[in-house]
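Enquirer: Sequence first, then the predicted structure:
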Amino acid sequence: MDKFWGYVNPDGTVGTRNHLLILSSTIYSNGLAERVANSVYGAIPIIHPLGRAQTKSDIRFTFKTLVGTAKNPNIGGVVVLDHFQEEGNTAEEIAEEIAKTGKPVEIVNIRNSGGTLESTTKAIRLAMDIARKITLRRRDEVPISKLLFGLNCGTSDTTSGLSSNPALGHCSDIIIKQGGRSILAELTELMGAEEWLASRAVNQDVSDKIWKVIADFENRILDTGEDIRGANPTADNITGGLTTIEEKSLGAAKKSGSAPIQDVVDWAETPPNKPGVYIMATPGHGAESITGIGAGGSQLLVFSTGGGHTISHPIMPTIKVTGNPYSADYMKDTVDLDVSDVLEGDLTIEEAGEIILKEVIEVASGKITKSEFLLEHNTGFAIHRIGMST
């Protein structure tokens, strides 16, 4: 299991999917994005509530996220939609960055096109042309070293840190040994695990970065008047038996396995090509976290969930795995893999990790996840914010 079948892009990256992306640059073009996507075979809409009336730092965050999502290797072509003009986040600026990858990209501005009906017609025609072109693409066999593997968890419970998370960590270790890379995110769910993570850093500089990035995020929380150390902020985690953020973090960090941590990267930043684990600075909010991972170039995500979760990224296939037998039953239409036999003693962590790896290879090669089958496109895209609206 050292290869998968993927779409080789002009810039050398490899996609596990070949999506046509209908990208809304602002909340005011969301309706157009959904109409166009609903009218064109295989199109995926990206919608969000931002892109206008944001501080300069936040508009840069939005721009970086939208561009990174469109540049993701799983995207074959893009139609960028705009309502008017928002300096720093216009369709033209976004398209200029996307074009650097060599993939086809077109722009539609609602106002400049003559309004809603005219822009809808124009966007559908452009989307149809791109869709027909990219359907000519074929998969090639490529080494697993081309995979940038996303790690995330949510609705965690006491089974997560004992079964699905360490099994996912073993899967990550195998991918990294074969030359791949993994992204570990969710800074609030690393609070309390700093010492263990820092001990795996490739050098002192990276160790210092790990301590600093988690402390900086905690200080942002403290500035709001809240302190989540020693507490657990989510009701589903408490229901699942977790008592503190530290307990939750020590289980969550196990998703990263035992491989060296190569570096810490910013939100939506693509890690260097060196094999290993990379920590990405995202919040613990699941949709925001996986949005950052997808915008950073990850072509596939495994989402470990104790209580069961409906989350799925719109363009990054999301494999949901649980180690809780009750969740596997209750959420059988959502959860892809059940590794609860680990808790029964009938399955080792290593065997469970190999089961996850097999699913990763199959999904990377074209097998659809349950969430893809159910067209769950908009449960896992949310852009993190730094400041207030203006």
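Expert: Perfect, thanks for sending it.
Enquirer: which residues in the stretch 151-300 of the chain form helices?
Expert: Secondary structure of the stretch 151-300 of the chain, counting by DSSP state H, counting those that start in this stretch: helices at 165-177, 194-199, 204-222, 235-239, 245-252, 286-295.
Enquirer: Please give me every residue in contact with residue 374.
Expert: residue 333 (Cβ atoms under 8 Å, 6 or more residues apart in numbering). C-betas here are computed from N, CA, C, even on glycine.
Enquirer: If you average pLDDT per helix and strand, which one of the chain comes out bottom?
Expert: The weakest-scoring helix or strand in the chain, judged by mean pLDDT, DSSP states H and E, is helix 235-239 (a mean of 87).
Enquirer: Now tell me what touches that helix from outside.
Expert: With contact meaning Cβ under 8 Å, 6+ apart, helix 235-239 is reached by 155, 156, 157, 232, 248, 307.
Enquirer: what's the answer for stretch 204-214, then?
Expert: Outside stretch 204-214, the residues that touch it by Cβ under 8 Å, 6+ apart are 187, 190-191, 194, 197-199, 201, 261-264, 279, 281.
Enquirer: ranking the helices of the stretch 151-300 of the chain by burial, who's on top?
Expert: helix 286-295 (a mean of 27; mean count of other Cβ atoms under 10 Å).
Enquirer: Then residue 5 would be within a helix, right?
Expert: No. Residue 5 sits outside any helix when classified using DSSP: H, G, I helix; E, B strand; the rest coil, being strand.
Enquirer: From residue 74, how far off is it?
Expert: Residue 5 sits 14 Å away from residue 74, going by Cβ to Cβ, to the nearest Å.
Enquirer: more neighbours, those two?
Expert: Taking neighbours as other Cβ atoms under 10 Å, residue 5 and residue 74 compare with residue 74 leading, 27 against 16.
Enquirer: Is it correct that the more buried one is in contact with residue 13?
Expert: No. The pair residue 74 and residue 13 fails to qualify as a contact (Cβ atoms under 8 Å) at a distance of 9.4 Å.
Enquirer: nearest spatial neighbour of residue 147, skipping sequence neighbours?
Expert: With Cβ to Cβ, 6 or more residues apart in numbering as the criterion, residue 147 has its nearest non-adjacent residue at 4.5 Å, and that residue is residue 180.
Enquirer: which residues sit against stretch 224-234?
Expert: Residues contacting stretch 224-234 (Cβ under 8 Å, 6+ apart): 188, 191-192, 218, 221, 238, 242-248, 284.
Enquirer: Off-centre distance for it?
Expert: From the chain centre to the centre of stretch 224-234 is a distance of 25 Å (Cα atoms, centre = their mean, to the nearest Å).
Enquirer: Could you check how far the residue positioned nearest the centre of the chain is from residue 186?
Expert: Nearest residue to the geometric centre of the chain (Cα atoms, centre = their mean): residue 290, 3.0 Å. To residue 186, residue 290 is 9 Å away according to Cβ to Cβ.
Enquirer: Quick check: neighbours shared by the two?
Expert: Common contact partners of residue 290 and residue 186 (Cβ under 8 Å, 6+ apart): residue 152.
Enquirer: Next one, pLDDT for the residue in the chain sticking out farthest from the centre please.
Expert: In the chain, counting by Cα atoms, centre = their mean, residue 114 sits farthest out from the average C-alpha position, at 35.4 Å. pLDDT, residue 114: 95.
Enquirer: cool, residue 355 as well?
Expert: Note on residue 355: pLDDT of 98.
Enquirer: count of residues packed around it?
Expert: For residue 355, using other Cβ under 10 Å, the count is 18.
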